[in-house]
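K.L.:
Next one to model:
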Amino acid sequence: LEAGAPAAKKGGIYTEWGLRRFSADWNEAYAGMDQQEQTDLNRKAVIAKWSDDGTETGTIRLMNNIKMDPAGGNFRPIGAGSYLSEGNNCGFNGTFDGGGFNIDGLSCSGDRIDASLFFLIDTNGKVMNLKLTNVDFSSSDPSSALAGITVTNLGSITGCSVGGTQIKSGLWAGGIAVNN
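P.N.:
The predicted structure is shown next:
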């Protein structure tokens, strides 16, 4: 349960702070991990912390619309740094249900960035019922990959949309995904 949310509510993401904290928890769970068994344990712990039922197989739910504050800085994608060639995959492997809610104003810019809500949705990962609006991703590096929902999708994306968006990259760009 994120800070500032009423104690009676179950786990879920209610605010911009919650979305940024979930991303940080997911990414920190993999720092220095080089054994798949430990990675799986960390992944399950993060899902249990944020899921609707407090279990490692629960669904992470967006509980209302979220307006991102531009002063909050660049958003770090969930699973950032999870490159397929490294064999230490920290891609999102759970279920994220947007509940039909909207994340507005997700942004990231820089010289060398890969930007999206999720960097990688892994083979068992599911993202559904989510709307992104006014996404603003830009990079001056032609090798950057920029997309609304994910840079790489190996799982499933259903009922999602990305609109009112500016995605500016020299080579790799997509509304929903770059690689699907």
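K.L.:
next one: stretch 16-29 to chain centre, how far?
P.N.:
Computed by CA atoms, centre = their mean, to the nearest Å, the chain-centroid distance of stretch 16-29 equals 9 Å.
K.L.:
What residues sit buried inside it?
P.N.:
16, 17, 18, 19, 20, 21, 22, 23, 25, 26, 27, 29 (16 or more other CB atoms under 10 Å). Any C-beta I mention is one placed from the backbone N, CA and C, and that applies to glycine too.
K.L.:
Turn those residues into CSV, including secondary structure and pLDDT.
P.N.:
Listed next are these as CSV, based on DSSP: H, G, I helix; E, B strand; the rest coil; pLDDT from 0 to 100:
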residue, secondary structure, pLDDT
16, helix, 84
17, helix, 86
18, helix, 86
19, helix, 88
20, helix, 84
21, helix, 85
22, helix, 84
23, helix, 83
25, helix, 81
26, helix, 75
27, helix, 74
29, coil, 67
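K.L.:
Is it possible to get JSON lines of those that adds distance to residue 108?
P.N.:
JSON lines is the format used below for the buried residues of stretch 16-29 (distance: CB to CB, whole Å):
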{"residue": "16", "distance to residue 108": "14"}
{"residue": "17", "distance to residue 108": "17"}
{"residue": "18", "distance to residue 108": "18"}
{"residue": "19", "distance to residue 108": "13"}
{"residue": "20", "distance to residue 108": "12"}
{"residue": "21", "distance to residue 108": "17"}
{"residue": "22", "distance to residue 108": "16"}
{"residue": "23", "distance to residue 108": "12"}
{"residue": "25", "distance to residue 108": "19"}
{"residue": "26", "distance to residue 108": "16"}
{"residue": "27", "distance to residue 108": "14"}
{"residue": "29", "distance to residue 108": "21"}
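K.L.:
wait, which of those is closest to residue 134?
P.N.:
Taking CB to CB as the measure, residue 134 lies nearest residue 16 of the buried residues of stretch 16-29, at 13.5 Å.
K.L.:
Return the distance of the closest one relative to residue 78.
P.N.:
Applying CB to CB, to the nearest Å, the value for residue 16 to residue 78 is 14 Å.
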